[in-house]
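# return a 3D structure for these sequence lines:
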Amino acid sequence: MKRLLRALPAFSLILLSAALGRAAEAQTVILANGTTLVGEIVSESASELTFKDSVLGLVKVPTHAIKSRPSGESSHEVNAASKPAAAAAPAIAVTAAPTTGGTAASANANPVKWTRSVQLSWGYMSGPAPSLGAGASRNLSANFAIERATAEHIAGLGANYNFARAKPAPPYANNASVYFQYDYILSPKNRIVSRTDWVRNPIQSINHRTEELIGFARTLVQTPTTNLLLGPGLGYSFGDKEYVGDLDNHHFGYGFYQVFSHAFSPTISLQQRLFLFRSVEDSKYIISSGSVSLTAQLTKTLALQSSLNAAYDGRPVPGTEELQIQTNTGLRIQF
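The predicted model follows:
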């Protein structure tokens, strides 16, 4: 019995070493659309990587669709620096979309992950009947987003501008927005989210408006290809509308921030986002914005993205609709 007791520590040490050896074999590959694969590199060539994911099984990935992977290793040799960080948590979205911040802060060899993107969209339609007032129309959209993510903190900053006009009428879209979002990661599925949105829209007679929302967010669905996050919270809205009094420009309220993303393949993904704020003092004061985007990754840095954007204002300028919808298609550059 004494010999057995003396042998137990050595036996435990052997089991621990074997477990650590198996953990060291796990490799992390991050695709250009944000999808994270965890498993083992089976084989690779100049144009394709064959990867055995722990959930998806055998996956073949084009090399141009890979954003980050273990470097300086053979298929079965993993550097200790490439082991996943135990505390790493996925960020707001699986893919880096330009309007409301979020790339996956998945575990990788780098302690800090930067994501930067610029998207430009342009549309033009010739006038079918200028004599009847149906002249040429054009629209322009520009988006910029930057994010810094670690295992405990995610900070994102983005800006968006839209302009649209159908001659000879005046512009019917001329708005700009800026957002800042900070996430404090509590666990792989829970976080505290702070979101600030600033909007200027002369067409809606909004000189400026700011919404601040702070809440608790939880990742409800988290797989290598799909993420769903919902974050309810409390907030405050203030601004300057030309057609209302000061009392209607300051509101305490509540709302939520929701994000869904799904990768159909290593190069094609869907992103959906929704932000809503409602005043406690005025039931008609509801501010909401959302988008649905389909992204096709053409190269490691270049993507084609089509988006449907919607904005709702419960107290719009007289003569305008409460719901505004706009579509954009353009190229997104990640750098």
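# what's the burial count for the nearest residue to residue 274 once chain neighbours are set aside?
Closest residue to residue 274 apart from its sequence neighbours, by C-beta to C-beta, 6 or more residues apart in numbering: residue 290 at 4.1 Å. (Glycine included, C-beta is placed from N, CA and C.) Other residues within reach of residue 290, judged by other C-beta atoms under 10 Å, total 17.
# what's near enough to touch residue 290?
Taking C-beta atoms under 8 Å, 6 or more residues apart in numbering as the contact definition, residue 290 lies against 272-275, 309-310.
# and the buried ones among the residues you listed, selectable in ChimeraX?
Typed into ChimeraX, the next command selects the buried ones out of the contacts of residue 290 (criterion: 16 or more other C-beta atoms under 10 Å):
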select :272,273,274,275,309
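# make TSV out of the contacts of residue 290 and add secondary structure.
Below are the contacts of residue 290 laid out as TSV (DSSP: H, G, I helix; E, B strand; the rest coil):
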residue	secondary structure
272	strand
273	strand
274	strand
275	strand
309	strand
310	strand
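# in its sheet, what does the strand or helix carrying the residue nearest to residue 274 sit against?
For residue 290, the element it lies in under DSSP states H and E is strand 286-297. Paired neighbours of strand 286-297 in the sheet (DSSP bridges): strand 268-279 (antiparallel), strand 302-313 (antiparallel).
# give the buried residues for it.
Buried, per 16+ other C-beta under 10 Å, within strand 286-297: 286-293, 295-297.
# which of those residues sit farthest apart?
286 and 297 (35.5 Å; C-beta to C-beta).
# so, low pLDDT: which residues of the stretch 1-150 of the chain?
1-26, 54-55, 71-110, 127-134 (pLDDT under 70).
# could you report the pLDDT at the nearest residue to residue 152 once chain neighbours are set aside?
Closest residue in space to residue 152, ignoring its immediate chain neighbours: residue 185 at 5.1 Å, by C-beta to C-beta, 6+ apart. At residue 185 the predicted local distance difference test score is 93.
# my guess is residue 117 meets residue 335, correct?
Yes. When contacts are counted by C-beta atoms under 8 Å, residue 117 is listed as touching residue 335 (7.5 Å).
# show me the shaky parts of the stretch 201-335 of the chain.
Regions of the stretch 201-335 of the chain meeting the criterion pLDDT under 70 cover residues 242-248.
# repeat the analysis, applying 50 as the threshold.
Within the stretch 201-335 of the chain, the ranges that satisfy pLDDT under 50 run 247.
# surely residue 126 is in contact with residue 136?
Yes. Between residue 126 and residue 136 there is a contact under C-beta under 8 Å: 5.3 Å.
# residue contacts, the spatially closest residue to residue 180 that is not a sequence neighbour?
Nearest residue to residue 180, sequence neighbours excluded (C-beta to C-beta, 6+ apart): residue 196, at 4.8 Å. Residue 196 makes contact with 179-181, 210-213, according to C-beta under 8 Å, 6+ apart.
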